[in-house]
Structure formats: structure tokens, C-alpha cells
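Engineer: what's the 3D shape of this:
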Amino acid sequence: MITIRPLTAHGLGAVVTDVDVAHPLDEPTLDLLVETLYTAGVVLLPGQRLTPESMRAFAEALGVPESVRPAEHRLPGMEHIRLQSTIAGSGVDGGGMYWHADGSWQPVPTAATLLGCIVAPEGGGTTSFVDGRAVHRALAPELQVEVGALAGFYPVRETMAADHMASGIDDPDMLASLKDVHHPLVRPHPATGEAALILNQMMLAKIADYDRDRGAALLDELYATVESTAFTYVHEWTDGDLLVWDNRIVMHRAQPVPPEATKVTWRITLHSIERTVAAGGTGKGA
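Structural biologist: Down below sits the predicted model:
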């Protein structure tokens with residue numbers, strides 16, 4: 001019997017048990033998972049026996065997976081699975097150790113992320129989440145109004161080119177396809193309408209229509225609110241954990257893995273969620 005319980009007292013995160021993604025899930029179960037995701041922002045499915053094929057099939061049942069670029073970061077033979085590993089020469093070493101939402105810099109921001117733990121580290125290597133809806137609600141009313149009218153500038157090509165150079169990646173076709181974008185700092189969820197503050201400490205360079213000093217001061221204030229909020233969840237990884245999170249609701253950051261430890265995860269990002277549900281059981285795909 002499927003059970004759902006909260007991961008925190010304040011509503012961020014839920015753990016769903018007795019769901020096995022090694023086998024195709026029926027429609028009511030998939031809808032229940034998406035409803036839970038739209039409410040909790042982060043869903044933990046523990047004890048999974050993941051294979052690349054089963055993880056991809058589960059992702060495709062939820063929505064539309066994105067291709068992994070650059071190709072060097074792919075799990076061999078799997079276009080949509082990013083191999084994240086502390087093992088030298090295997091995939092890419094870990095995730096972003098800064099507050100961000102995956103794909104928030106794309107013209108159409110990434111909807112959701114699936115992250116499966118293949119090898120959990122012994123100590124360290126946690127992943128922290130913050131509820132962007134709660135952070136937005138915590139802002140003073142006048143600051144809510146100000147931030148709600150602003151957009152952030154993401155100099156995507158410049159930032160990615162510098163990252164590729166530092167990492168020794170040669171993918172000129174990918175760089176040529178990238179576009180600088182502006183996105184609202186506060187974004188309504190397409191299925192629920194709930195407003196969330198979504199930032200990115202690596203990719204979000206400045207506030208549009210503000211001079212650099214004024215914009216930097218505002219971003220400092222917003223990141224300070226993110227750092228101080230109680231509406232967080234820190235996940236300590238166990239082999240077989242599968243986390244699903246909604247990038248329109250939460251931001252996250254990875255924590256360092258100790259030098260003597262090993263961490264291996266598989267990641268799939270979804271361009272969209274193609275299920276016609278929302279929190280409470282009504283709504284639309286997102």
C-alpha cells in the first residue's frame with residue numbers, strides 16, 4: 001500500500017513508499033506522485049533498484065526528458081541521463097554547490113529533476129533544498145511588490161563558455177546554440193499558480209533595469225533571506241534513493257563529498273511534466 005508522509009514539519013518534501021519504478025506505474029500512481037510533487041516540491045522514493053532503462057521509462061511517464069549536453073557528461077549510451085560521479089574520468093564531478101534551480105537559465109526553464117543515488121557517500125555529499133514559495137511569502141510586502149516586477153539577466157553563453165574552458169570541454173555547437181535570457185525573479189507555477197522566488201547564484205548576473213550596485217544589493221538581500229529561512233530540507237543520501245523535485249518550486253545546492261568518499265548519481269531533467277493534475281487533484285500539465 002502506498003504511503004505518503006512529510007519530510008519536514010513545514011511542508012517541504014514528502015517521502016512516498018511502496019512505489020517501485022523498476023516496473024511501469026499505473027496512471028493513478030503517477031498522478032498521485034505529481035500531485036504530491038506540486039504540493040511538497042520534493043518527493044523521495046527510497047529503496048529503488050534503478051537501471052538506466054527503468055529510470056528513463058519513469059521519467060518519460062512523467063514528462064519530456066531533456067538531452068544531456070555536453071555529451072561527455074552522459075551515462076554511456078543514455079542521451080537523457082547525466083552521470084555525476086566523484087570517480088575520476090567517470091561523468092561529471094557532482095552538482096552545483098550554490099543555490100539554483102536546474103535549467104533556470106534556459107529559454108523555457110527546466111520543469112523537474114530526477115536524481116537517483118547509485119553509490120551514497122559515507123558522510124557529506126548532502127543536497128539542500130529551499131522552498132521558493134515560502135521564501136517569497138517571507139519577504140516584506142513592499143519587497144514582494146518590488147521583486148514581483150523584476151526580471152533577472154542570465155548571460156548564458158558567456159557563463160557557459162567560461163565553465164567549459166575551466167572544465168576542458170570542447171563543444172562549440174552547444175555554445176553556439178545558447179542564448180542570453182531574462183526571466184522574472186518571481187514565477188507563478190504553471191499548474192498551481194503559486195508564486196515562488198527562483199534564483200541562481202552562478203547564472204543570474206544582474207537585475208534588469210537596475211544599475212549594477214542596486215541590483216547586487218537586492219540580490220544579496222534575497223540570498224540572505226534564502227540562507228536564513230527555516231523552510232529547508234537537507235537530504236542525506238542512501239543507495240537506492242530517488243529524488244524528484246520541481247524546479248518551479250524549489251532551489252537546491254549540493255554539499256562537498258569528503259575526499260575519501262565516493263558518490264555516484266544519475267540525473268534526468270524534464271522539459272515539462274505531461275500529466276493533467278495539480279495539487280489537490282485538478283489542474284493541467286506543466
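Engineer: below-threshold pLDDT in the stretch 151-286 of the chain: ranges please.
Structural biologist: Residue ranges of the stretch 151-286 of the chain with pLDDT under 70: 165-168, 278-285.
Engineer: hmm, try it at 90
Structural biologist: By pLDDT under 90, the low-scoring segments of the stretch 151-286 of the chain are 157-178, 275-286.
Engineer: what ranges does it have for its helices?
Structural biologist: Assigned by DSSP state H, counting those that start in this stretch, the helices in the stretch 151-286 of the chain fall at 156-167, 172-177, 212-228.
Engineer: name the helices or strands packed onto the longest one?
Structural biologist: For helix 212-228, the packing partners by 3 or more CB pairs under 8 Å, 6 or more residues apart in numbering; DSSP states H and E come out as helix 132-138, helix 141-148, strand 206-207. All C-beta atoms are positioned from the backbone trio N, CA, C, and that covers glycine.
Engineer: so which of those is the most packed in?
Structural biologist: Ranked by mean neighbour count, those are led by helix 132-138 with a mean of 21 (mean count of other CB atoms under 10 Å).
Engineer: in CSV, list the C-alpha atoms belonging to that one.
Structural biologist: C-alpha atoms of helix 132-138 as CSV (Å, rounded to 0.1, in the frame of the first residue of the first chain):
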residue,chain,number,x,y,z
GLY,A,132,10.9,29.3,-3.1
ARG,A,133,7.2,29.8,-2.3
ALA,A,134,7.9,30.2,1.4
VAL,A,135,10.9,32.5,0.7
HIS,A,136,8.6,34.7,-1.4
ARG,A,137,5.9,34.7,1.3
ALA,A,138,8.6,35.7,3.9
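Engineer: picking that back up, which one of the helices and strands packed on helix 212-228 lies nearest to Val226?
Structural biologist: helix 132-138 (5.7 Å; CB to CB).
Engineer: reformat the helices of the stretch 151-286 of the chain as a markdown table; add mean neighbour count and distance to Pro121.
Structural biologist: A markdown table is the format used below for those (neighbours: other CB atoms under 10 Å; distance: least, CB to CB, whole Å):
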| stretch | mean neighbour count | distance to Pro121 |
| --- | --- | --- |
| helix 156-167 | 14 | 22 |
| helix 172-177 | 11 | 30 |
| helix 212-228 | 14 | 24 |
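Engineer: Glu274 is nearest to which of the ones you listed?
Structural biologist: Nearest of these to Glu274, taken as CB to CB: helix 172-177 at 23.8 Å.
Engineer: list the contacts of the closest one.
Structural biologist: 69-70, 157, 160-161, 164 (CB atoms under 8 Å, 6 or more residues apart in numbering).
Engineer: how about low-confidence regions in the stretch 1-150 of the chain?
Structural biologist: Using pLDDT under 90, the flagged stretches of the stretch 1-150 of the chain are 70-72, 88-89, 91, 93-95, 123.
Engineer: adding distance to Met97, write the helices of the stretch 151-286 of the chain out as CSV.
Structural biologist: Shown next, in CSV, are the helices of the stretch 151-286 of the chain (distance: least, CB to CB, whole Å):
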stretch, distance to Met97
helix 156-167, 13
helix 172-177, 22
helix 212-228, 14
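Engineer: mind listing the strands for the stretch 51-200 of the chain?
Structural biologist: In the stretch 51-200 of the chain, the strands defined using DSSP state E, counting those that start in this stretch lie at 63-65, 82-85, 112-119, 127-131, 151-154, 181-184, 186-188, 195-197.
Engineer: pipe the ones you listed into JSON lines and attach mean neighbour count per row.
Structural biologist: Formatted as JSON lines, the strands of the stretch 51-200 of the chain follow (neighbours: other CB atoms under 10 Å):
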{"stretch": "strand 63-65", "mean neighbour count": "18"}
{"stretch": "strand 82-85", "mean neighbour count": "21"}
{"stretch": "strand 112-119", "mean neighbour count": "22"}
{"stretch": "strand 127-131", "mean neighbour count": "23"}
{"stretch": "strand 151-154", "mean neighbour count": "20"}
{"stretch": "strand 181-184", "mean neighbour count": "16"}
{"stretch": "strand 186-188", "mean neighbour count": "18"}
{"stretch": "strand 195-197", "mean neighbour count": "23"}
